[in-house]
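Engineer: give me the fold of what follows.
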Amino acid sequence: MGGTGLSPELVAELEEIAQAEGCELWHVEFKGGRLRVILDHPEAVTLAHCEHVSKQVSNLLDVEDFGQGRYTLEVSSPGLDRQLYRPRDYERFLGHLARVTFRPPEDPTRKTVVGRMERFEDGVLTLVEDRGVDKKTRRPQTATHEIPLSTIEVARLEIEL
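Structural biologist: Now for the predicted structure:
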């Protein structure tokens, strides 16, 4: 998990704690005095999962003498509009609707597109944007975007009801 602000060894220990509770460590980061641990579970992350993981992580951090000063520990679920971080996240949610903010290599202007994640190969996400129905032809209009993962600033699933 790159960019977490934590050592790989500590992240590995946090993954073990999450797995012991039957959860997956979705994401972890330490930023601005806040250690954020995000869990996922095949059925649902419960309050009990968060409480147990929080206690175990707290104990681990006490032993590790974590942090230079005060920090806040936050343990939660990724939610329905979860942020996507790793290639496997994109692969797992192919077919889902996502909001992706990126900077194309040919144009430094930030762009945001909402579309269905159709493919993820060789570090490139294919996103199909629905542009509504053409008024003259009454046919659906779409735009396909090939977005290198390296250009994505943030990607989140869109809630579909």
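Engineer: could you measure the residue in the chain sticking out farthest from the centre against residue 80, distance?
Structural biologist: Largest separation from the mean C-alpha position in the chain: residue 136, at 39.4 Å (C-alpha atoms, centre = their mean). Using C-beta to C-beta, to the nearest Å, one gets 37 Å for the distance from residue 136 to residue 80. Yep, even glycine has a C-beta here, placed from its N, CA and C like the rest.
Engineer: and stretch 52-60, what's buried?
Structural biologist: Neighbour-count burial for stretch 52-60, with 16 or more other C-beta atoms under 10 Å as criterion, is recorded at 52-54, 56-57.
Engineer: longest helix anywhere in the protein?
Structural biologist: In the chain, with assignment by DSSP state H, the single longest helix is helix 47-64.
Engineer: could you give the average pLDDT over the helix or strand that it is followed by?
Structural biologist: Moving toward the C-terminus from helix 47-64, the next helix or strand (DSSP states H and E) is strand 72-76. Per-residue pLDDT values across strand 72-76 average out to 94.
Engineer: sheet partners, orientation included, of strand 72-76?
Structural biologist: For strand 72-76, sheet partners with direction are given as strand 34-40 (parallel), following DSSP bridges.
Engineer: tell me the buried residues in the partner strand?
Structural biologist: Taking 16+ other C-beta under 10 Å as the basis for neighbour counts, the residues of strand 34-40 that come out buried are 35-40.
Engineer: go on, stretch 41-48?
Structural biologist: Within stretch 41-48, the residues scored as buried using 16+ other C-beta under 10 Å are residue 45.
Engineer: what does stretch 119-133 give?
Structural biologist: Residues 120, 125-128 are the ones in stretch 119-133 that count as buried (16+ other C-beta under 10 Å).
Engineer: stretch 144-156 too?
Structural biologist: Residues of stretch 144-156 classed as buried: 145, 147, 149, 151-152, 155-156 (neighbour count, 16+ other C-beta under 10 Å).
Engineer: from those residues, which ones fall inside strands?
Structural biologist: Assigned to strands by DSSP state E, the following of those qualify: 145, 147, 152, 155-156.
Engineer: reformat these as a markdown table; add pLDDT and distance to residue 31.
Structural biologist: Rendered in a markdown table, the data for these read as follows (pLDDT from 0 to 100; distance: C-beta to C-beta, whole Å):
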| residue | pLDDT | distance to residue 31 |
| --- | --- | --- |
| 145 | 95 | 29 |
| 147 | 96 | 25 |
| 152 | 96 | 19 |
| 155 | 97 | 18 |
| 156 | 97 | 18 |
